[in-house]
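S.K.: Kindly generate the corresponding structure for this input.
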Amino acid sequence: MDQKTRRAAIYSAISLNDVDEIATLFPKVPFGLMVLDGDMRYLRVNERMAEINGVPVEAHIGKMVSEIGSHTGLVLDPIFRYAMQEDKSLEDLQVEVPSDSSGDINPPGCLLVSCFPSRSDDGTVQRIHAVVQDITEQKLKEVAQDERLRFEALLSALSAEFINTAVAEVDTKVEQGLKTIYDFLGVDRTTIALLSPADDRLHSVYTYALPGIKHPPEIVDSHIPEWVKMIRQGEMFHIEDIDDLPDSQWCEKKYCKEMGGIKSVLFIPLCVGGRVLGLFSAVSYSRKKIWMDLYIQRFRILGEIFANVLERKRVDQNIQKAFVEIGQLKDRLEAENHYLRDKIETELKNEEIIGQSTAIKHVLLQVKQVAATLSTVLIQGETGTGKELIARAIHARSDRKDRPMIKLNCAALPSTLIEAELFGHEKGAYTGAATRRAGRFEAANGSTIFLDEIGELPLELQAKLLRVLQEGQFERLGSHTTVNVDVRVIAATNRDLALEIKGGRFREDLFYRLNVFPIFIPPLRERREDIQALVWSMVREFESVFGKTIERIQKKTMESLECYSWPGNIRELRNMIERAMITTNSSTLVVNFPDMATTTRSQNVSMKEIERVHILAMLEKTGWRIRGKNGAAEVLELNPSTLEFRMKKLGIRRKTAQHNI
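M.R.: Numbers count the residues shown, from 1 in each chain. Next up, the predicted model:
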């Protein structure tokens with residue numbers, strides 16, 4: 001017979017006032033049985049009831065209910081009095097009994113009580129028959145089951161919430177999850193700390209706390225070294241009373257006191273695929289928290305839920321970062337491809353810098369000095385002197401030589417388009433901008449950009465260029481997003497920037513930013529001793545192009561080339577040699593010089609300047625020897641004193657060419 005059936009049999013016997021049956025059941029049933037008189041005094045009690053009250057059977061007789069069993073009696077007395085006064089049977093009442101923490105006896109926590117009034121022959125209620133069952137264990141099991149179901153429902157809800165969460169909302173959802181756990185566990189603070197890839201230390205990232213409760217430090221490793229060691233090994237840790245920590249964890253005990261008096265702690269490692277990402281912690285300040293056994297293993301599931309969503313966020317961020325990098329690389333490669341095609345089409349075939357003059361040797365020395373640095377270079381010289389060739393020489397000798405040098409001629413584009421060309425543009429930034437495009441500064445990231453004809457840059461763009469030089473930052477046209485670049489700038493101009501600054505056409509602060517290392521390229525007329533080597537180099541180059549062979553150049557022709565003023569410098573010389581190669585039909589190069597009068601008129605050059613150039617050429621040719629055999633005076637068929645007078649009048653004196661502005 002099970003307990004429910006037995007209890008029903010007792011109820012039946014009592015309700016029928018079957019005294020013999022009741023007497024038979026008293027010693028046999030696992031329930032507490034009692035008989036009370038009208039004053040709530042015990043007339044009879046069985047052993048089980050004595051056990052429930054914690055008082056021997058004989059000590060009950062004659063005593064009132066409220067006098068026996070401390071809290072038990074105080075709970076039962078009003079129930080029995082109500083049944084007697086109302087002459088009403090009460091069945092299966094669940095009664096909570098408070099714990100007696102001060103005494104030796106700790107009574108049951110929950111009782112199932114039934115009581116039945118017993119009447120005399122005249123119908124008067126004289127006694128109470130009562131049945132009391134200790135259902136504490138059963139109740140605890142039910143509570144545990146309910147708690148387990150609640151916790152599992154919580155885990156299920158969190159898991160479902162995180163699965164459907166967009167990566168952009170993960171931070172908000174994690175913080176909400178911490179609050180949910182905080183409420184469920186009844187703690188004072190919940191925290192998630194993550195291992196940083198940068199320094200491999202635990203950084204507090206998310207925290208939800210009761211107002212007034214201290215947040216954990218940003219980096220926790222040094223404060224709780226033993227606990228961190230356990231977490232790194234994937235171990236879970238919990239303690240109900242910090243005072244019970246072993247001596248080896250003195251640092252942790254100190255931390256708990258410094259944080260305002262932490263009493264209880266729980267740590268759960270956050271793991272994905274056997275890899276520890278960080279930890280989840282819950283702490284209690286207000287009371288010592290008993291971490292129920294039924295939660296302990298499920299806490300690991302909680303850690304996995306948080307770990308999975310945080311790992312998904314990390315992976316997604318890495319993917320997005322990779323996509324951005326791929327997009328940037330694609331833009332850069334497209335830009336480089338465009339500029340490389342331009343380079344192939346426009347670059348001089350012969351990259352070698354030819355010449356042995358003092359002036360060009362000084363320029364090459366400057367190239368060698370500055371190439372290995374990241375300093376900005378300003379190249380100045382007349383048109384056609386080879387400023388781009390010097391820029392390429394600097395880049396080729398730098399640490400950035402493996403990346404192409406990006407070039408932009410600031411005079412080649414209208415001012416309305418040069419900004420988009422330099423800094424790029426977004427789709428729809430202006431009419432015709434059908435797609436997003438990286439500018440030349442982005443294409444030159446990690447390399448060198450050559451800004452030719454910098455003096456032609458519109459004044460409104462000079463401030464933007466100045467910011468790139470100062471901070472390495474700019475925004476694409478039509479965008480508010482800042483782009484960071486690492487670009488070495490080489491600029492070139494044939495203008496006198498000092499005059500441009502005075503005229504308000506060039507920013508003085510930009511000039512000083514560009515003029516970190518100035519290089520002045522001398523015009524060809526100041527390095528006439530290099531002309532012969534240049535001519536033969538160009539002849540050999542064009543021989544393969546036109547399928548011709550040149551064996552000699554007449555001395556008179558070479559002297560004429562050396563004496564010519566070359567207002568167009570090396571570019572003009574190259575064009576003249578190319579034209580001569582086309583028209584020459586023999587092994588001797590025939591050069592047709594332009595009409596001097598036409599040249600003079602076209603350039604508005606005076607006869608005085610022509611005389612000056614001619615005398616300079618002869619002086620250079622004779623090594624500045626004026627007197628004696630083969631001296632300049634003899635070659636010019638002048639008296640040495642006359643030549644010296646003409647030199648003084650024309651301002652001719654021997655000096656080293658200036659290379660800096």
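
S.K.: can you tell me which residues contact M49?
M.R.: M49 makes contact with 32-34, 60, 132, according to C-beta atoms under 8 Å, 6 or more residues apart in numbering. C-beta: built from backbone N, CA, C; applies to glycine.

S.K.: One more: T493?
M.R.: T493 is in contact with 378-380, 453-455, counting by C-beta under 8 Å, 6+ apart.

S.K.: Just to be sure, L194 is in a helix?
M.R.: No - counting by DSSP: H, G, I helix; E, B strand; the rest coil, L194 is not part of a helix but strand.

S.K.: Okay, it and L277: tell me how far apart.
M.R.: Using C-beta to C-beta, to the nearest Å, one gets 6 Å for the distance from L194 to L277.

S.K.: Quickly find the element holding the spatially closest residue to T642 that is not a sequence neighbour.
M.R.: Residue nearest to T642 in three dimensions, not counting chain neighbours: A633, with 7.7 Å by C-beta to C-beta, 6 or more residues apart in numbering. Following DSSP states H and E, the helix or strand that holds A633 is helix 632-635.

S.K.: Pull out the buried positions in that helix.
M.R.: Neighbour counts over helix 632-635 (16 or more other C-beta atoms under 10 Å) mark 632-635 as buried.

S.K.: quick check, distance from that helix to the centre of its chain.
M.R.: Computed by C-alpha atoms, centre = their mean, to the nearest Å, the separation of helix 632-635 from the middle of its chain amounts to 74 Å.

S.K.: Grab the CA positions of that helix and hand them over as CSV.
M.R.: Output of helix 632-635 as CSV, limited to C-alpha atoms (Å, rounded to 0.1, in the frame of the first residue of the first chain):
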residue,chain,number,x,y,z
ALA,A,632,89.0,80.7,-75.3
ALA,A,633,90.3,84.1,-76.6
GLU,A,634,92.2,82.3,-79.4
VAL,A,635,89.1,80.2,-80.3
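
S.K.: ok, and what's touching it?
M.R.: 615, 618-619, 621-622, 624-628, 639-640, 642-643.

S.K.: so where's the protein uncertain?
M.R.: Within the chain, the set of residues satisfying pLDDT under 70 comprises 1-28, 70, 99-108, 294, 332-352, 594-608, 655-661.

S.K.: How much space separates D37 from V131?
M.R.: When distance is defined by C-beta to C-beta, D37 is 17 Å away from V131.

S.K.: That should have said F280, apologies.
M.R.: According to C-beta to C-beta, F280 stands 48 Å off from V131.

S.K.: one step back: the contacts of M49 into JSON lines, with extra columns for neighbour count?
M.R.: As requested, the contacts of M49 are arranged in JSON lines below (neighbours: other C-beta atoms under 10 Å):
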{"residue": "G32", "neighbour count": "24"}
{"residue": "L33", "neighbour count": "22"}
{"residue": "M34", "neighbour count": "25"}
{"residue": "H60", "neighbour count": "23"}
{"residue": "V132", "neighbour count": "23"}
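
S.K.: List the ones among the residues you listed that fall in strands.
M.R.: In strands, defined here by DSSP state E, the members of the contacts of M49 are 32-34, 132.

S.K.: Count the neighbours of E426 for me.
M.R.: The criterion is other C-beta atoms under 10 Å. On that basis, E426 has 18 neighbouring residues.

S.K.: what number of residues lie near E508?
M.R.: Counted with other C-beta under 10 Å, E508 comes out at 13.

S.K.: list the contacts for V539?
M.R.: Here V539 is in contact with 550, 553, 577, 581, 589 (criterion: C-beta under 8 Å, 6+ apart).

S.K.: do that again at 6 Å, thanks
M.R.: I550 (C-beta atoms under 6 Å, 6 or more residues apart in numbering).

S.K.: does it sit in a helix or strand, and which one?
M.R.: For V539, the enclosing helix or strand under DSSP H and E is helix 531-546.

S.K.: for A491, same thing?
M.R.: A491 is located in strand 488-493, with elements delineated by DSSP H and E.

S.K.: Now that strand: buried residues?
M.R.: Those would be 488-493, for strand 488-493 by 16+ other C-beta under 10 Å.

S.K.: Make a markdown table out of these and add distance to G327.
M.R.: What follows is these, written out as a markdown table (distance: C-beta to C-beta, whole Å):
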| residue | distance to G327 |
| --- | --- |
| R488 | 24 |
| V489 | 25 |
| I490 | 28 |
| A491 | 29 |
| A492 | 32 |
| T493 | 35 |
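
S.K.: which residues of the stretch 351-500 of the chain fall in helices?
M.R.: With DSSP state H, counting those that start in this stretch as the definition, the stretch 351-500 of the chain shows helices at residue ranges 358-371, 387-396, 415-423, 440-443, 459-471, 497-502.

S.K.: Mind giving me the packing neighbours of the fourth one?
M.R.: Helix 440-443 makes packing contacts with helix 293-346, strand 406-409 when contacts are defined by 3 or more C-beta pairs under 6 Å, 6 or more residues apart in numbering; DSSP states H and E.

S.K.: so which of those is the most packed in?
M.R.: Compared across those, strand 406-409 shows the largest average neighbour count, a mean of 22 (mean count of other C-beta atoms under 10 Å).

S.K.: Which residues outside it are in contact with it?
M.R.: Taking C-beta under 6 Å, 6+ apart as the criterion, the residues outside strand 406-409 that touch it are 339, 440, 443-444, 449-453.

S.K.: coming back round to it: I224: which of the buried residues of strand 488-493 is nearest?
M.R.: Nearest to I224 out of these is R488 (C-beta to C-beta; 47.9 Å).

S.K.: can I assume the closest one is in contact with T373?
M.R.: No - the pair R488 and T373 does not pass the contact test of C-beta atoms under 6 Å, sitting 8.7 Å apart.

S.K.: Quickly list what's touching both of those two.
M.R.: Looking at what touches both R488 and T373 (by C-beta under 6 Å, 6+ apart), there is no common residue.

S.K.: Please report how far P518 lies from I490.
M.R.: As judged by C-beta to C-beta, P518 and I490 stand 11 Å apart.

S.K.: And R189, by the same measure?
M.R.: Here R189 is placed at a distance of 58 Å from I490 (C-beta to C-beta).

S.K.: does the residue lying closest to E235 once chain neighbours are set aside count as helix, strand or coil?
M.R.: Spatial nearest neighbour of E235, chain neighbours left out: P269 (6.8 Å); criterion: C-beta to C-beta, 6+ apart. Three-state call for P269 (three-state DSSP): strand.

S.K.: P269 and I231 touch, don't they?
M.R.: Yes - in this structure P269 lies within contact range of I231 using C-beta under 6 Å: 4.9 Å.

S.K.: any shared contact partners between the two?
M.R.: Counting by C-beta under 6 Å, 6+ apart, the common neighbours of P269 and I231 are L279.

S.K.: Between these two, point out the one with more neighbours.
M.R.: I231 (27 against 21).

S.K.: so who does the more buried one touch?
M.R.: Residues 269, 279 are the ones in contact with I231 under the rule C-beta under 6 Å, 6+ apart.

S.K.: Show me which residues of the helix or strand hosting it are buried.
M.R.: Take DSSP H and E as the rule and I231 turns out to sit in helix 225-232. Applying a neighbour-count criterion of 16+ other C-beta under 10 Å, one finds 227-228, 230-231 buried in helix 225-232.

S.K.: mind putting the residues you listed in a markdown table, distance to I360 included?
M.R.: A markdown table is the format used below for the buried residues of helix 225-232 (distance: C-beta to C-beta, whole Å):
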| residue | distance to I360 |
| --- | --- |
| W227 | 71 |
| V228 | 66 |
| M230 | 72 |
| I231 | 68 |
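
S.K.: from those, which single one is nearest M558?
M.R.: V228 (82.9 Å).

S.K.: could you list every residue that touches the closest one?
M.R.: Neighbour list for V228: D221 [criterion: C-beta under 6 Å, 6+ apart].

S.K.: swap the cut-off to 7 Å and go again
M.R.: 202, 220-221 (C-beta atoms under 7 Å, 6 or more residues apart in numbering).
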